[in-house]
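Novice: curious how this folds, go ahead:
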Amino acid sequence: MAPEVVDLSRLRELAEYSHAVITKYQDAGGAYPAAPTFSAYKGYAWLRDGSFTAEGISRYGDVPSADRFHDWVDRVLRSRRAQVDDLRAAVTRAETPPDSAMLPTRFTFDGADGSDPWWDFQTDGYGTWLWSVVTHAARHGLDLERWRGGIDVAVDYLVTFWDRPCYDWWEEHVEQRHVSTLGAIHGGLAAIAPYTQVAVRDVAERIRSLVVAEGMHDGHLTKWLGTAAVDGSLPACVVPFGLVSGAAGTATLAAVARDLDADGGVHRFTADVFYGGGQWLLLSALLGWNLAAAGDSAGAWRLLRWIADQATPDGDLPEQVPHHLLHPGSRDEWIARWGTVATPLLWSHGMYLILADELGILSEKA
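Specialist: Residues are numbered from 1 along each chain as shown. So this is what the prediction gives:
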C-alpha cells in the first residue's frame, strides 16, 4: 500500500476516534467535559471548549450529539436570566458589578457554579457559543428557536459587558481587554445578527473599530489592547470570527507562525509557563484551519499530520506536548500541582475534526 494511502487512513481513523472519545465522555445532560480525568478540569464544562468541540461534532455529522450540547447551554443560560437582568439593571444605575457577580466561564454538568476557586470571569465563551449554535443550525437546516431563550440571555449579557476587561482564553490578565475575547464576541454577535431584534451589528462594528484602533501592531492583531505581543488564539479572529480579513488577517497569521509555531506545534504565548509552555494541539488546528481557508493546503496538511503524531497509542490527544518547552523549569511544579497534562482533551479532538473536515478527509459515520 502506498505511503500516502496509509497516511490518509491513519488520519481518518483518528477522526473516527475523535468522534468516539468526545461522544463517549459527553454527559447525559449534553455537556462536553473539558477533560474526563484531569484533576483541575474533571466535572466541568467550558462554553468556549464545548462550542468548538460541538463544531467538530456537527461537521462530523453527529447532529444529535451537537444538539444535546446546545440544549444544555440553552438550559444553563435560561437559568441565568434573572442574574443577567440584575447585572444589567446595576449598569443602568451606573453601578459596576464585581467580577464575582458575573457569569462563570465553566459550569458543573448540572449548570451550577464550581465549588472551588477559579479565574471565572471570561466573556469569550458566550460569543463562541452564539457563533457555534448559529453555524450548527445553518449547516443542518435547524430552527434556532429551539435555543432562543439561551441565545437571548447571551446576547443581552454581551451587549452590556462586551468592553469590560476580563480573563482571557487562558484564565490570565483579568485587567486587560483581550483581542481574542473581543473577536469571539464579534463573531457571535455577527452570526446572530440576522436572527435577533437587538442592535448587535452596531456593537460588532464598535468592537472592530476598537481593535483596529488599539489592538494592532505592525499590521497584525495583538494579544490585548495596547501591546505588541501576539497570542496563539488570535487566528480565531480571522477564521471563524471574521473580526479582520485581508492584509490584517494575513499579517496576523504570519505573526503567530513566526513567534509561536515551532515545527508544527503552536504555543499559546512566549511568556507561557503552564506545564513549561508546551505546544498546544488545538492551536495548531486553529492555525491550520486558517491556512486551509486561505488556500495554503500544504501548511494545513503539515499541521494536521503534526497533531496526529502527538496522539497516544490509544489515540487520545493531549492538551499540550513538551517537545519544545518555552520555560522548561516551570513544568515540574504544575505536574506536582495537578498531575500530568490533560489527556484526552476533548477540545483538542474537536479541533482535529474541524481541520480534518477543512481538508476534506472527514468521513461522516455518525
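Novice: where does this protein have low pLDDT?
Specialist: 1-6, 363-366 (pLDDT under 70).
Novice: all the strands of the protein, residue numbers only.
Specialist: Using DSSP state E, the strands of the chain run over 44-46, 106-108, 216-217, 220-221, 261-262, 265-266, 279-280, 320-321.
Novice: so which of these gets nearest residue 207?
Specialist: Set against residue 207 and scored by CB to CB, these come closest in strand 220-221, at 12.3 Å. Where C-beta positions appear, they are placed from N, C-alpha and C, glycine not excepted.
Novice: the longest helix anywhere in the chain packs against which elements?
Specialist: For the chain, the longest helix by residue count, based on DSSP state H, is helix 3-25. Contacts defined by 3 or more CB pairs under 8 Å, 6 or more residues apart in numbering; DSSP states H and E place helix 3-25 against helix 47-60, helix 297-309, helix 346-358.
Novice: now the helices for the stretch 201-350 of the chain?
Specialist: 246-260, 281-293, 297-309, 331-338, 346-358 (DSSP state H, counting those that start in this stretch).
Novice: pull the residues that contact the fourth one.
Specialist: Helix 331-338 is contacted by residues 38, 39, 40, 274, 275, 276, 278, 322, 325 when judged by CB atoms under 8 Å, 6 or more residues apart in numbering.
Novice: tell me the contacts of the last one?
Specialist: Residues near residue 325 by CB under 8 Å, 6+ apart: 276, 277, 278, 331.
Novice: how about it, nearest residue that isn't a chain neighbour?
Specialist: Of all residues not flanking residue 325 in the chain, residue 276 sits nearest, at 3.8 Å (CB to CB, 6 or more residues apart in numbering).
Novice: hmm, that neighbour is touching residue 323, no?
Specialist: No - contact criterion CB atoms under 8 Å: residue 276 and residue 323 do not qualify, at 10.5 Å.
Novice: what about those two, which has more around it?
Specialist: residue 276 (21 against 13; other CB atoms under 10 Å).
Novice: give me every residue that touches the more buried one.
Specialist: 322, 325, 326, 327, 328, 329, 330, 331, 334.
Novice: repeat that for 7 Å
Specialist: Taking CB atoms under 7 Å, 6 or more residues apart in numbering, we find residue 276 in contact with 322, 325, 327, 328, 330, 331.
Novice: hmm, back to that, need the helices of the stretch 201-350 of the chain in TSV (columns: mean neighbour count and distance to residue 153).
Specialist: Output for the helices of the stretch 201-350 of the chain, formatted as TSV (neighbours: other CB atoms under 10 Å; distance: least, CB to CB, whole Å):
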stretch	mean neighbour count	distance to residue 153
helix 246-260	18	31
helix 281-293	26	27
helix 297-309	19	34
helix 331-338	13	32
helix 346-358	27	23
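Novice: just give me the closest of the contacts of residue 276 to residue 235.
Specialist: Using CB to CB, residue 325 comes nearest to residue 235 of the contacts of residue 276, at 21.9 Å.
Novice: what's the closest one sitting at in phi/psi?
Specialist: phi -80, psi 140 (degrees, to the nearest 10).
Novice: distance of it from residue 20?
Specialist: Applying CB to CB, to the nearest Å, the value for residue 325 to residue 20 is 31 Å.
Novice: could you do residue 27 as well?
Specialist: 16 Å.
Novice: same question for residue 82.
Specialist: Counting by CB to CB, the gap from residue 82 to residue 20 is 39 Å.
Novice: again, but for residue 213
Specialist: In this view, residue 213 and residue 20 are 46 Å apart by CB to CB.
Novice: again, but for residue 123
Specialist: Where residue 20 is concerned, residue 123 sits at a distance of 32 Å (CB to CB).
Novice: for residue 314, same thing?
Specialist: From residue 314 to residue 20 the distance is 11 Å (CB to CB).
Novice: wait, what's in contact with the residue positioned nearest the centre of the chain?
Specialist: The chain has residue 48 as the residue nearest its centroid, 4.4 Å off, counting by CA atoms, centre = their mean. Residue 48 is in contact with 124, 125, 128, 169, counting by CB under 7 Å, 6+ apart.
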